[in-house]
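Novice: Would you be able to build a 3D model of this:
(one chain, ligands or ions: 1)
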Amino acid sequence: MPAYKHIFFDLDRTLWDMDGNSYQTLCELYEQHDLKSKGLNDCNEFICRYKVINDQLWLDYSRDLVSRDVLRKERFTRAFKEFNLTDDELATTFSNDYVSHAPLKNKLMPDTMEVLDYLSGKYELHIITNGFEEVQHVKIEKSNLKKYFKNVITSDLAGFKKPDPRIFDFSLKAAEANLHNSIMIGDSLDADIAGARNYGMAQIYFNPERTSHTEKVTHEISSLKELQNIL
Ligand SMILES: [Mg+2]
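Specialist: From the prediction side, this is the model:
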């Protein structure tokens, strides 16, 4: 077992419960904007459609096919359109509300705090995230994660998004770490795992749904607790 010293975590869907927090925010905004009266009869149906659209737009964003502003607004424009609602002003307001409300939510993935307590005594912990600078720091602060992490590297700060090797290079330099004493943990096979592996770093794939795949990973876990067996 290599002597790891630096543990780099992804944030969304690895530590911060993006799906749970997003669901809660969307339910609240659905009520506030009275979407039911605008033709969106079922909140869960709206969230399901939104999720598919949002995931696709994030993929496009990570490949630099769309800008941040387009991603933020277009996900709601498109989701509303699925219910025959075309209202540009509403999409803009809803998008702004979502971006300001969602990061205030503090639901974490199961066992996050317990595992971070365990790891923080033994390693230096850092975050590498493709989220936005002004959003990710709010999430980290509001969910009490800040005290655990020495460096929080966003793609905004680095100028590159995972899986681009340059964001890993930027992060290791910021942490004064090297390839041999560092390991990356994340839920995305593309951004986190292939990204770290192509850069030459060890990786731990966090796969809570136990999705089958053919990627070569250093370690795989389905719950964060399993990190205590590896690290
Ligand atoms: Mg993630």
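Novice: for the lengthiest helix in the chain, what is the average pLDDT?
Specialist: Using DSSP state H, we find that the single longest helix of the chain is helix 43-62. Averaging pLDDT along helix 43-62 gives 94.
Novice: So which elements touch the helix or strand just after it?
Specialist: The helix or strand immediately downstream of helix 43-62 is helix 68-81, counting by DSSP states H and E. Judged by 3 or more Cβ pairs under 8 Å, 6 or more residues apart in numbering; DSSP states H and E, the packing partners of helix 68-81 are helix 43-62, helix 88-101. Quick note: C-beta positions are derived from backbone N, CA and C, even for glycine.
Novice: Could you give me the buried positions within helix 68-81?
Specialist: Across helix 68-81, burial judged by 16 or more other Cβ atoms under 10 Å covers 71, 72, 73, 74, 75, 76, 77, 78, 79, 80.
Novice: Farthest pair within those?
Specialist: 71 and 80 (15.4 Å; Cβ to Cβ).
Novice: On the three-state scheme, residue 216 is what?
Specialist: Look at residue 216: counting by DSSP: H, G, I helix; E, B strand; the rest coil, its state is coil.
Novice: Could you count how many residues lie near it?
Specialist: Residue 216 has 9 neighbouring residues, counting by other Cβ atoms under 10 Å.
Novice: ok, stretch 153-172 near the ion or not?
Specialist: No - judged by Cβ under 5 Å from the ion, stretch 153-172 stays clear of the ion, getting no closer than 9.0 Å.
Novice: average model confidence for that stretch?
Specialist: For stretch 153-172, the mean per-residue pLDDT is 96.
Novice: same check, this time on stretch 193-208
Specialist: On average, the pLDDT along stretch 193-208 is 98.
Novice: ok, back up a step: in CSV, list the helices and strands packed on helix 68-81 along with distance to the ion and mean neighbour count.
Specialist: Shown next, in CSV, are those (distance: least, Cβ to the ion, whole Å; neighbours: other Cβ atoms under 10 Å):
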stretch, distance to the ion, mean neighbour count
helix 43-62, 10, 16
helix 88-101, 18, 16
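Novice: Relative to residue 184, which of those is closest?
Specialist: helix 43-62 (15.9 Å).
Novice: got a pLDDT number for the residue of the chain most remote from its centre?
Specialist: Computed with Cα atoms, centre = their mean, the maximum C-alpha offset from the centroid of the chain is found at residue 37, amounting to 32.1 Å. Per-residue confidence at residue 37 stands at 96 (pLDDT).
Novice: is it true that it lies in a helix?
Specialist: Yes - when three-state DSSP is applied, residue 37 is found to be in a helix.
Novice: Look up how far the ion lies from it.
Specialist: 35 Å (Cβ to the ion, to the nearest Å).
Novice: Show me the protein divided up by domain.
Specialist: The chain breaks down by automatic domain parsing into domains covering 6-17+108-230, 18-104.
Novice: Can you say which of those is packed in most?
Specialist: domain 6-17+108-230 (a mean of 18; mean count of other Cβ atoms under 10 Å).
Novice: start to end distance for that one?
Specialist: Using Cα to Cα, to the nearest Å, one end of domain 6-17+108-230 lies 14 Å from the other.
Novice: tell me which element residue 204 falls in.
Specialist: strand 202-206.
Novice: And the contacts of that strand?
Specialist: Residues from elsewhere that reach strand 202-206, judged by Cβ atoms under 8 Å, 6 or more residues apart in numbering: 2, 4, 10, 14, 182-187, 189, 192-193, 196-197, 215, 217-222, 224, 227, 230.
Novice: Much appreciated, bye for now.
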